[in-house]
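Enquirer: Fold the following for me, if possible:
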Amino acid sequence: MIPQVFTEVIDLGDGRSISIETGKLAKQADGSVVIRMGDTMLLGTVVSARKASPGVDFLPLTVDYREKFASAGRFPGGFFKREARPSDKEVLTMRLVDRVLRPLFPDDYHAETQVMIQLMSHDEEVMPDALAGLAASTALALSDIPFETLISEVRVGRINGEFVINPSPTQLAESDIDMMIGASEDSVAMVEGEMKEISEAEMVQAIKFAHDAIKVQIAAQKRLQAAFGKKEIRSYDEEATNEEVEAKVRSLAYDKCYAIAQEGTGKAERGEKFAEVKDEVKAGFSEEEQLEFGDLISKYFKSTQKEAVRNVILDLGLRLDGRKTDEIRPIWCEVDYLPSVHGSALFTRGETQALATVTLGTSREANIIDAPSEQGEERFYLHYNFPPFSTGEAKPLRGTSRREVGHGNLAQRALKNMIPDENPYTIRIVSEVLESNGSSSMATVCAGTLALMDAGVQMTKPVSGIAMGLISDDKTGRWAVLSDILGDEDHLGDMDFKVTGTADGITACQMDIKIEGLNYEIMEKALDQARAGRLHILGKLIETQAAPRENVKPKAPKIIMTTIPGAFIGALIGPGGKVIQELQKLTKTTIVINEVNEEGVVEILGTDQEGIDTVLRKIDSLTFKPVIGDSYKVKVVKIMDFGAVVEYQDAPGNEILLHVSELAWERTENVTDLVNMGDEFEVKYMGIDPKTRKERVSKKALTPRPPRDENAPRPERRDGDRPRGDRNDRNDRGSRYGGDRNRGDRNDRPRENREPRENRESDSNQSEPSNDAPQGE
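Expert: Below is the predicted model:
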């Protein structure tokens, strides 16, 4: 029996719609939904354990997003032909959903929860990641899991000044904004995206436009929830509390923490002092109380410390390291730090430090993207590494984390639009975070900018970045926006807002808001304060490196790009790649050939200019085509009885026969009478000989033709010569070895003046031309 299906439709207002459906698939999950837009279909499910694991004091939430290759009618790549570890794109989508959902679960809900979203059918004109947040929230709405605040996410673009919700890939290519916004009905919770130097006001407008669309999607979720039947929220074991212990911890710790927060100490010293206070608080309890309430004491100390630090900021405008709310930490930078890399830069801001390197390569080094929803390549990409020593910790190394993928992607999006289209290189930036106390991703952007300029990449404009924070108090209505936040301020604050840009506008942003009801006044204040901070940091970068190097470094490869006709690609590659491989080995270069529009685009990469020039000469030689009537310098490379083999100086390797009859106007008995091995001179290219069908060049055609001496004795005929007929008649016929034959119209010539057939010379029997016969030019 087919189960009952419940469906709601969301109208996007431009002829497109999104349907949300439940009741047919995955009914054993706590909640499940199918989202469809066009031919794109996603299945969203959620399951949460009935009880929390012992000792767990946080929410073990897992958000998983996977794109099945079958959804696009494709096979997975690789040996096993099966989907395996998630791609970077899938990881980024997981993070987009996780960052919105996580703060909206109850603080005391600690049961393991899994949200799983999978792409089951893909439409090339619909981007599935924009639907993942809607799928997750709807699945939760249909379950009994304690998640009362419904959300959704949309992508917003702007094409020709008009905002568009969930644009297609074709539309997005024309857009100057690509932002993902996640929000509830009341407030925005998450923003992430890239822009082409837009203003702060334009960014706020885009967020408001997206928020209005999200409200429509949340209303549809509520309608589906009501039609399906809203489930009663499950009961769960709430955290243990003890008001007496809480009051005692606060009385013992608050004033001391408040005092430490005013001292303006460094991270390590401040951590030691807070640890001492915590030990004193524990000492205020008996051993029995510590055994019974140890976890609660730690929990209440943490909340007391957080309250004290936040109040110092709100009461005094003073931060943990002694700065004012809009003050930036001291900055120092250095470029060309690593001698052997193509470009490097060190950026240090306070206790955060990033070392960035740039590597230049050909299109062969492009990052290949092979996903069901996207195929292509990246010629500019950035990798971010966050080792545990950067925070003074020793932790297991488990490969690239989701956080590293996300931070690297943000920095990449911040910089990529400043790489000009005519840049010939594939560029890889690697950021090594060496110290971290807040905003290492923004340090990566700054270090990346300097490293690019140090490498000689002609980026359009330098980019800087800053992380902003927020401390707010709902009871008193007070709030403070913090510039260049510390790691501790990130943890205890209500917002983490990263903004990157040039002097002319924003290039990327990432915002996570941990409280409900953040109004746009605070957001606009944060953006304005961020701009001032960005420009301050940008000034420090320009002081270090005002502009990109004019040329790449000596150890960095130079790249030359040229095109050849498609017919010559095979000749350059050679049988089995023999020609190109030998050329690369000889010149110590890397040669890449891509066929584009029936032409071969050749990339030549090498550190030695002479090697690059050798490759260019070889290409010129292979593709050399002389022009009829033009003269070319040649060199004699071989002497033969009937002529000399000469090589074009402009195209080494291209050889042609210079026949003895084309050496001089006078009769030449021996080729060596006029030319010898190694001689260099100019010849005229005569085109294809209509008789021999071979190319012909002439040396004599570049010299004046001597006047004929009527009294000169006729040269003796050599043995084997055939009768020549009437000399005047030969003048009409022209030379058989060069020049145009001016035969005229045979019918106009009197028959009695025609040469008898038996006296006509046969080209096929003539082995060697006579130099006394007139020659055409």
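Enquirer: Tell me which residues are up against the helix or strand in which Leu605 is found.
Expert: Using DSSP states H and E, Leu605 sits within strand 599-606. For strand 599-606, contacts defined as C-beta atoms under 8 Å, 6 or more residues apart in numbering pick out 360-363, 424, 557-566, 568-569, 572, 587-595, 612, 615-616, 619. Where you see a C-beta, it was placed from the backbone N, CA and C, and this is true even at glycine.
Enquirer: could you give me the average pLDDT of that strand?
Expert: Averaging pLDDT along strand 599-606 gives 91.
Enquirer: related to what we said a few turns ago, can you flag the buried ones in the contacts of strand 599-606?
Expert: Buried by 16 or more other C-beta atoms under 10 Å: 360-363, 557-560, 564, 569, 572, 587, 589-592, 612, 615, 619, out of the contacts of strand 599-606.
Enquirer: So what's the gap between the strand holding Leu605 and the chain middle?
Expert: 20 Å (C-alpha atoms, centre = their mean, to the nearest Å).
Enquirer: Stretch 132-146 too?
Expert: Mean C-alpha position of stretch 132-146 versus that of the full chain (C-alpha atoms, centre = their mean) differs by 33 Å.
Enquirer: On the three-state scheme, Ser303 is what?
Expert: Following DSSP: H, G, I helix; E, B strand; the rest coil, the label given to Ser303 is helix.
Enquirer: What ranges does the stretch 501-650 of the chain have for its helices?
Expert: 520-544, 569-573, 578-587, 609-623 (DSSP state H, counting those that start in this stretch).
Enquirer: Just send those back as TSV, with mean pLDDT and distance to Glu378 too.
Expert: What follows is the helices of the stretch 501-650 of the chain, written out as TSV (pLDDT from 0 to 100; distance: least, C-beta to C-beta, whole Å):
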stretch	mean pLDDT	distance to Glu378
helix 520-544	93	24
helix 569-573	89	25
helix 578-587	91	25
helix 609-623	87	25
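Enquirer: Regarding Asp370, which helix or strand does it belong to?
Expert: Judged by DSSP H and E, Asp370 forms part of strand 367-371.
Enquirer: Ile260 contacts Val277, doesn't it?
Expert: Yes - taking contacts as C-beta atoms under 8 Å, Ile260 lies within contact range of Val277: 7.1 Å.
Enquirer: hmm, back to that, ok, then the element right after the strand holding Asp370?
Expert: Helices and strands here follow DSSP H and E; after strand 367-371, the next one along the chain is strand 374-378.
Enquirer: Would you map the helices across the stretch 201-350 of the chain?
Expert: Using DSSP H, counting those that start in this stretch, helices in the stretch 201-350 of the chain cover 243-261, 267-283, 287-316.
Enquirer: Can you say which of the ones you listed is nearest to Asp14?
Expert: Nearest to Asp14, of all the helices of the stretch 201-350 of the chain, is helix 287-316, at 44.5 Å by C-beta to C-beta.
Enquirer: and the angle from that closest one to helix 243-261?
Expert: Between the axes of helix 287-316 and helix 243-261, defined by axes from the mean of the first three to the mean of the last three C-alpha atoms, to 10 degrees, the angle is 50 degrees.
Enquirer: residue ranges with poor pLDDT in this structure?
Expert: 517, 709-777 (pLDDT under 70).
Enquirer: what are the ranges of the strands in the stretch 451-600 of the chain?
Expert: 464-473, 478-483, 495-502, 505-513, 558-565, 590-596, 599-606 (DSSP state E, counting those that start in this stretch).
Enquirer: The longest one - contacts with which helices or strands?
Expert: Looking back up the chat, that one is strand 464-473. helix 287-316, helix 440-454, strand 478-483, helix 487-492, strand 495-502, helix 520-544 (3 or more C-beta pairs under 8 Å, 6 or more residues apart in numbering; DSSP states H and E).
Enquirer: Quick one: those as a markdown table, columns for distance to Val63 and mean neighbour count too.
Expert: Converted to a markdown table, the helices and strands packed on strand 464-473 look like this (distance: least, C-beta to C-beta, whole Å; neighbours: other C-beta atoms under 10 Å):
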| stretch | distance to Val63 | mean neighbour count |
| --- | --- | --- |
| helix 287-316 | 26 | 17 |
| helix 440-454 | 20 | 30 |
| strand 478-483 | 28 | 21 |
| helix 487-492 | 21 | 19 |
| strand 495-502 | 18 | 25 |
| helix 520-544 | 25 | 18 |
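Enquirer: Quick one: closest of the ones you listed to Ile207.
Expert: Short answer: helix 520-544, nearest of the helices and strands packed on strand 464-473 by C-beta to C-beta, at 7.4 Å.
Enquirer: Could you give the separation of that closest one from the chain centroid?
Expert: On C-alpha atoms, centre = their mean, the centre of helix 520-544 falls 25 Å from the chain's centre.
Enquirer: Which secondary structure elements does it sit against?
Expert: Here helix 520-544 touches helix 200-228, strand 331-335, helix 440-454, strand 464-473, strand 478-483, strand 495-502, going by 3+ C-beta pairs under 8 Å, 6+ apart.
Enquirer: quick one: the second one to helix 520-544, angle?
Expert: Read that as strand 331-335. Here strand 331-335 runs at an angle of 50 degrees relative to helix 520-544 (the same axes, to 10 degrees).
Enquirer: And for the fourth one?
Expert: Orientation check (the same axes, to 10 degrees): strand 464-473 against helix 520-544 gives 150 degrees.
Enquirer: Mind listing what's buried along strand 464-473?
Expert: Ser464, Gly465, Ile466, Ala467, Met468, Gly469, Leu470, Ile471, Ser472.
Enquirer: Kindly reformat these as JSON lines and extend each row with distance to Met511.
Expert: Putting the buried residues of strand 464-473 into JSON lines (distance: C-beta to C-beta, whole Å) gives the following:
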{"residue": "Ser464", "distance to Met511": "17"}
{"residue": "Gly465", "distance to Met511": "13"}
{"residue": "Ile466", "distance to Met511": "13"}
{"residue": "Ala467", "distance to Met511": "10"}
{"residue": "Met468", "distance to Met511": "9"}
{"residue": "Gly469", "distance to Met511": "11"}
{"residue": "Leu470", "distance to Met511": "10"}
{"residue": "Ile471", "distance to Met511": "16"}
{"residue": "Ser472", "distance to Met511": "15"}
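Enquirer: Am I right that Trp479 is in contact with Gly469?
Expert: No - shown here, Trp479 and Gly469 do not form a contact pair, counting by C-beta under 8 Å, at 10.9 Å.
Enquirer: still on that earlier bit, possible to save the helices and strands packed on helix 520-544 as CSV with distance to Lys691?
Expert: Putting the helices and strands packed on helix 520-544 into CSV (distance: least, C-beta to C-beta, whole Å) gives the following:
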stretch, distance to Lys691
helix 200-228, 74
strand 331-335, 67
helix 440-454, 61
strand 464-473, 73
strand 478-483, 85
strand 495-502, 68
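Enquirer: I'd like to know which of those lies nearest to Ala664.
Expert: helix 440-454 (61.3 Å).
Enquirer: count of neighbours near Phe389?
Expert: 12 (other C-beta atoms under 10 Å).
Enquirer: Just give the closest residue to it, not the sequence neighbours.
Expert: The shortest distance from Phe389 to any non-neighbouring residue, by C-beta to C-beta, 6 or more residues apart in numbering, is to Leu434 (8.0 Å).
Enquirer: Identify the residues contacting that neighbour.
Expert: Counting by C-beta under 8 Å, 6+ apart, Leu434 touches Gln353, Ala354, Leu355, Phe389, Ser390.
Enquirer: and the closest residue in space to Asp11 that isn't next to it in sequence, what is it in contact with?
Expert: Once flanking residues are discounted, Asp11 sits nearest to Ser17: 5.3 Å by C-beta to C-beta, 6+ apart. Taking C-beta under 8 Å, 6+ apart as the criterion, Ser17 is in contact with Val9, Ile10, Asp11, Met37.
Enquirer: Dump those into TSV; add neighbour count as well.
Expert: Listed next are those as TSV, based on neighbours: other C-beta atoms under 10 Å:
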residue	neighbour count
Val9	12
Ile10	22
Asp11	11
Met37	22
